[in-house]
Every structure is written in C-alpha cells, then in structure tokens.
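Asks: Next come a sequence and a model predicted from it.
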Amino acid sequence: GAVVSQHPSRVICKSGTSVKIECRSLDFQATTMFWYRQFPKQSLMLMATSNEGSKATYEQGVEKDKFLINHASLTLSTLTVTSAHPEDSSFYICSARPSEDTQYFGPGTRLTVL
Amino acid sequence: KNEVEQSPQNLTAQEGEFITINCSYSVGISALHWLQQHPGGGIVSLFMLSSGKKKHGRLIATINIQEKHSSLHITASHPRDSAVYICAVPGSYNTDKLIFGTGTRLQVFP
C-alpha cells in the first residue's frame, strides 16, 4: 500500500525553540496533505490542510503564525512549530491524499517541549 | 456537522475470540475509514469503504449506508491486534476534513 513517512519520529526541544516536522509521500503524489494533532487519550484533531503550491488552510483555533506549513512539492509538506512551549507537546500526524476519499497516514511525530 | 460514535470504548478479549467494533455517524457520507493506532502512536489505514463489505486477512469491515452504521470485525483475535481502532468519516460541510470517532481500545490477552 501507499506509504507516508514522517521525520523525525520523536523530538525533544527546549521551550522557545522551533521544530520542523517533515511529511513525505513515498510512492505517490499528493496535492493535499493534512496535519493532525493528538493529545493523550483524545481523538485526532485536524490542524490544517496543506495544498501544494498554495497557502495552507487552518482550522479554527489553530494559530497560523505558530504552526507554519509549507507544501513545497507534491511529495513533501513540512510543519514548523515556532517558539514551542510545553503546551505544544503532542503527537503530530500527517496524512496524504492521492485521490478523493483516500488518505494515508504517517507514523506520527511525538514532540516534547521542556 | 457529522457526529461519529464508536462502541464500545474499551474492549478486552481472550486470544481467539471474535471481535466486533461499531461506528455510527449522523450525516450521509461517501466513504468511511477504519484506522488502527498502536500504542506507539502510528496510524495504519485498515479500510476505506463506501458500501457493502471488505475483507483483509482476519479483518472484515461492513457498512450500511441507510442505517449510517459500520462495523469492524476481527476473527481469531490475537494479542498483536491490541490497539485503538478508530473510525472516521468526511465532514458534512467540508468533505476534505475527516471527523474521527473517539476510538475503541482493544486488548487481547493470550
């Protein structure tokens, strides 16, 4: 099946630093990728929809200046958590959509901000 | 807004048992996803279905569009099936956006 990778899988950083997470579709092209966040024992929550070549669409309550999304190519989207704080510690998951109604999920990135 | 409910929330089983997890949603959809999330967090897409039934190994997913209900079955369950199973449907206003159920935590004991 289709594969989506994320890098890094785990990151620990100090408060105030920025962290970049990469999401790649390895064997298909995706004009649309999605970024989700999951807090412990909660459902995935969509943060933003990343469209190749255009600005990301953010969900209500998600700060676009804090969570920078760049979808520079059909196989890569990046999420940068700027000036991270402990409350940003979470599990970040991306998914990629090769066609309508199909999404393949990445393995996730666990961010811990000290 | 599409609402998704899963039951049960938690499920324990002995190895070999037949497992059923249910998902109900409130608004008509084009397709429903079943996902598996292991303790490490990674998510695997198990099925995407819009009608009828799909089977992959010991996993079977069914959907009844009229009743807005889907079930995920695991036959001959095994401890490695222990995970959280999540159903997800497209949002009613924005079909790009998946609405996720809260998940069913399954533990299979040897």
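Replies: Everything's here; your move. Residues are numbered from 1 along each chain as shown, chains lettered A, B, ... in the order given.
Asks: List the residues that contact B:Lys68.
Replies: Residues near B:Lys68 by CB atoms under 8 Å, 6 or more residues apart in numbering or on different chains: B:Ser24, B:Tyr25, B:Ser26, B:Val27, B:Gly28, B:Ile29. All C-beta atoms are positioned from the backbone trio N, CA, C, and that covers glycine.
Asks: Touching, A:His85 and A:Thr112? I think so.
Replies: No: when contacts are counted by CB atoms under 8 Å, A:His85 is not listed as touching A:Thr112 (11.6 Å).
Asks: and the lowest-mean-pLDDT helix or strand in chain B, what does it pack onto?
Replies: Least confident helix or strand of chain B, by mean pLDDT, DSSP states H and E, is strand B:98-100 with a mean of 85. Contact here means 3 or more CB pairs under 8 Å, 6 or more residues apart in numbering or on different chains; DSSP states H and E; on that basis strand B:98-100 packs against strand B:83-90.
Asks: Partner strands of the strand it packs on, with direction?
Replies: strand B:32-37 (antiparallel), strand B:98-100 (antiparallel), strand B:104-109 (antiparallel) (DSSP bridges).
Asks: hey, least reliable of the ones you listed by pLDDT?
Replies: Across the strands paired with strand B:83-90, strand B:98-100 has the smallest mean pLDDT, namely a mean of 85.
Asks: So what touches that one?
Replies: A:34, A:43-44, A:46, A:103, B:1-4, B:25, B:33, B:86-91.
Asks: now the strands: where do they sit in the chain?
Replies: Just going to use chain A. For chain A, applying DSSP state E gives strands covering A:4-7, A:10-13, A:19-25, A:32-38, A:45-51, A:57-58, A:67-73, A:76-81, A:90-99, A:102-105, A:109-113.
Asks: Hmm, no, I was thinking of chain B.
Replies: B:4-7, B:10-14, B:19-25, B:32-37, B:43-49, B:52-56, B:59-64, B:69-74, B:83-90, B:98-100, B:104-109.
Asks: closest to A:Ala30 out of those strands?
Replies: Nearest to A:Ala30, of all the strands of chain B, is strand B:43-49, at 13.8 Å by CB to CB.
Asks: was I right about A:Thr75 contacting A:Ala30?
Replies: Yes: between A:Thr75 and A:Ala30 there is a contact under CB under 8 Å: 6.9 Å.
Asks: higher neighbour count, these two?
Replies: Between A:Thr75 and A:Ala30, A:Ala30 has the larger neighbour count (other CB atoms under 10 Å in any protein chain shown), namely 29 against 19.
Asks: So what pairs up with the closest residue to the more buried one other than its chain neighbours in the strands?
Replies: Among residues not flanking A:Ala30 along the chain, A:Ala96 sits closest, at 3.7 Å (CB to CB, 6 or more residues apart in numbering or on different chains). For A:Ala96, the beta-bridge partners are A:Met33, A:Tyr104 (DSSP bridges).
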